[in-house]
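Visitor: this is a predicted model, with the sequence first.
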Amino acid sequence: MSGTLLSFDFGTKSIGVAIGQRITGTARPLTALKANNGNPDWTQIERLIKEWQPDEVIVGLPLNMDGTEQPLTARARTFANRVHGRFGVAVTLHDERLSTVEARAGLFENGGFRALNKGSVDSASAVVILESYFEQHA
């Protein structure tokens with residue numbers, strides 16, 4: 001199955017965004033959107049969806065290391081439901097455990113501490129989430 005996928009790394013202050021192709025199984029960072037207590041500027045998300053026309057949207061699902069839910073889990077589910085409800089796109093939740101750790105390690109390896117700004121980490125986390133999704137759904 002070929003297709004374009006958009007992924008979001010949901011957070012209360014920032015939401016990382018990445019774009020990827022199912023056919024290559026790769027993703028790249030796009031941006032990090034500011035959020036106010038988890039509420040994004042929906043016009044920015046609408047612009048991204050119109051520009052990229054994804055076949056599916058992947059939203060990272062924050063879980064504790066033992067797989068149990070945490071307070072942010074429900075908020076990420078709500079965000080995913082709102083994306084689906086507002087834009088009518090297929091939305092899938094995907095386990096994001098350790099995505100931020102992996103993103104930080106990759107950024108540091110390629111650019112040192114200067115590469116570790118919040119927006120870069122969030123969008124890199126969205127890349128990790130999407131590529132992990134591709135690996136599990138190849």
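Guide: Perfect, I can see it now. Residues are numbered from 1 along each chain as shown.
Visitor: any idea what the closest residue in space to Gln44 that isn't next to it in sequence is bridged to?
Guide: Closest residue to Gln44 apart from its sequence neighbours, by CB to CB, 6 or more residues apart in numbering: Leu33 at 5.3 Å. Where C-beta positions appear, they are placed from N, C-alpha and C, glycine not excepted. According to DSSP bridges, the residues that bridge with Leu33 are Ile15.
Visitor: which element follows the worst-scoring helix or strand of the chain on mean pLDDT toward the C-terminus?
Guide: Ranked by mean pLDDT, DSSP states H and E, the helix or strand of the chain with the weakest confidence is helix 99-111, at a mean of 54. On the C-terminal side of helix 99-111, the closest following helix or strand by DSSP states H and E is helix 118-136.
Visitor: which helices and strands does that next one pack with?
Guide: Helix 118-136 sits against strand 4-9, strand 14-21, strand 26-36, strand 56-61, strand 91-95, helix 99-111, with contacts defined as 3 or more CB pairs under 8 Å, 6 or more residues apart in numbering; DSSP states H and E.
Visitor: hmm, who's touching the following helix or strand past the fourth one?
Guide: Using DSSP H and E, the next helix or strand after strand 56-61 towards the C-terminus is helix 71-87. When contacts are taken as CB atoms under 8 Å, 6 or more residues apart in numbering, the neighbours of helix 71-87 outside the stretch itself are 8, 10-12, 15, 38, 40, 42, 45-46, 49, 57, 59-63, 89-91, 93.
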